[in-house]
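# quick one, fold the following:
(one chain, ligands or ions: 1)
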Amino acid sequence: MQIHPRSKVHAVTGGGSGIGAATVALLAQAGHTVVVLDRAEPAQPVAGATFIEVDVSDEDAVVGAFAQIRQQHGRLDGLVNSAGIESRRLVRGMDAAAWQRVMGVNVTGTMLCTREAAALMREGGEGGAVVNVASIAGKRMSYSGDAAYTASKAAVLGFTRHAAFELAADRIRVNAVCPGPTLTPMITRNLSAESIEAVAAVVPLGQWVKPEDVGHAIVFLLGDGAAMCTGTSLDVDGGVLISNGASH
Ligand code: NAD
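As a prediction, the model looks like this:
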């Protein structure tokens, strides 16, 4: 007899593009209800997913978006924090506004959405799961030499550990994934074809990570198979972190 897991309600920030969109598609295919939280309407909407327009760095907007989820679905089982931006600036070219923009979306946005999601999960009384999309940049440094991005992703990993400990009492698990170079619009709008090829050459597994590779890791961490995982991070990087700059 095949046992199907109960269909759940998941919210995915940044679900309109790249890693978030791939995750939305995988969750919808598995029969879950998915709410996309993004500042822009998805270019390719996924059947079965609904969309709420929200800037995750705006506290009032985030509170309003989760109130809408409460009203429409009455519960929440999973949150994926995938909304993220870069500044593409070194320290020497950084200004406070560019720094705050990255911190506002990547760090403050992750905190605000986790706070609101956890309140909804607590009401449901059955626990829940949060997956934060950090980056290997949070453990090493960003490829593009982006000081704010590296600092923000290290902060997301620290926040993941804190939230995992605090929310364990409510049976809410909080984990992170750390993607390596992943071919998404964030990359293709900034890198030339030659640079894209050059990056693939330094990945031990020889290719860019695909958005759905990260999506599968996120779906695992959201699911019951990861019931005893909390406060951890899963690298999905084709071996970049272990290679120490060496290439074949
Ligand atoms: P992407 O640009 O394709 O998607 C990001 C999505 O976030 C977009 O839909 C965008 O509209 C949304 N977004 C941005 N700011 C927002 C805001 N203020 N409020 C709501 N939504 C907002 O990028 P991606 O590569 O899929 O990135 C997803 C996550 O993965 C990001 O957190 C990124 O830092 C992380 N990441 C990406 C890579 C990579 O190589 N692509 C590597 C490591 C980590």
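# which secondary element of the chain has the worst mean pLDDT?
helix 185-188 (a mean of 91; mean pLDDT, DSSP states H and E).
# tell me if it is near the ligand.
Yes. Looking at helix 185-188 against the ligand by CB under 6 Å from any ligand atom, the contacts come from Pro185, Met186, Ile187. Heads up, the C-betas are built off the backbone N, CA and C, glycines and all.
# and for stretch 195-206?
No. Residues of stretch 195-206 contacting the ligand under CB under 6 Å from any ligand atom: none, with a closest distance of 9.0 Å.
# mind listing residues that contact that stretch?
Stretch 195-206 has contacts (CB atoms under 8 Å, 6 or more residues apart in numbering) with 143, 180-181, 183, 187-188, 191, 207-209, 237-240, 242-243, 245, 247-248.
# how near is Glu123 to Ser7?
According to CB to CB, to the nearest Å, Glu123 stands 19 Å off from Ser7.
# I meant Ala227, not that one.
Distance of Ala227 to Ser7, computed by CB to CB: 18 Å.
# and if you look at Thr23?
Relative to Ser7, and taking CB to CB, Thr23 is found at 16 Å.
# settle it for me: which of these two has more neighbours?
Each of Thr23 and Ser7 has its neighbours counted (other CB atoms under 10 Å); Thr23 has more, 32 against 12.
# need the contact list for the more buried one.
Applying CB under 8 Å, 6+ apart, the residues contacting Thr23 are Val12, Gly15, Val80, Ser82, Val214, Gly215, Ile218, Val219.
# how about 7 Å then?
Contacts for Thr23 (CB atoms under 7 Å, 6 or more residues apart in numbering) come out as Val12, Gly15, Val80, Ser82, Gly215, Ile218, Val219.
# quick one, what contacts Leu26?
Contact analysis of Leu26 by CB under 7 Å, 6+ apart lists Glu212, Gly215, His216, Val219.
# flag every buried residue along the strand or helix carrying the second one.
So that's Gly215. For Gly215, the host element (DSSP states H and E) is helix 211-222. Within helix 211-222, the residues that count as buried by 16 or more other CB atoms under 10 Å are Pro211, Glu212, Asp213, Val214, Gly215, Ala217, Ile218, Val219, Leu221, Leu222.
# for these, give me CSV that also has pLDDT and distance to the ligand.
As requested, the buried residues of helix 211-222 are exported to CSV (pLDDT from 0 to 100; distance: CB to the nearest ligand atom, whole Å):
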residue, pLDDT, distance to the ligand
Pro211, 98, 6
Glu212, 98, 11
Asp213, 98, 11
Val214, 98, 7
Gly215, 98, 10
Ala217, 98, 12
Ile218, 98, 10
Val219, 98, 15
Leu221, 98, 14
Leu222, 98, 16
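# out of those, who's nearest Ala117?
Taking CB to CB as the measure, Ala117 sits nearest to Leu222 out of those, at 11.9 Å.
# look up how far the ligand lies from the residue nearest to Gln207 when sequence neighbours are not counted.
In space, and not counting its chain neighbours, Gln207 is closest to Ala200: 5.4 Å by CB to CB, 6 or more residues apart in numbering. From Ala200 across to the ligand, the span is 12 Å (CB to the nearest ligand atom, to the nearest Å).
# and the gap between the residue nearest to Ser243 when sequence neighbours are not counted and Leu241?
In space, and not counting its chain neighbours, Ser243 is closest to Pro204: 5.0 Å by CB to CB, 6+ apart. Here the criterion is CB to CB. By it, Pro204 lies 10 Å from Leu241.
# and what of Pro185?
Separation of Pro185 from Leu241 (CB to CB): 24 Å.
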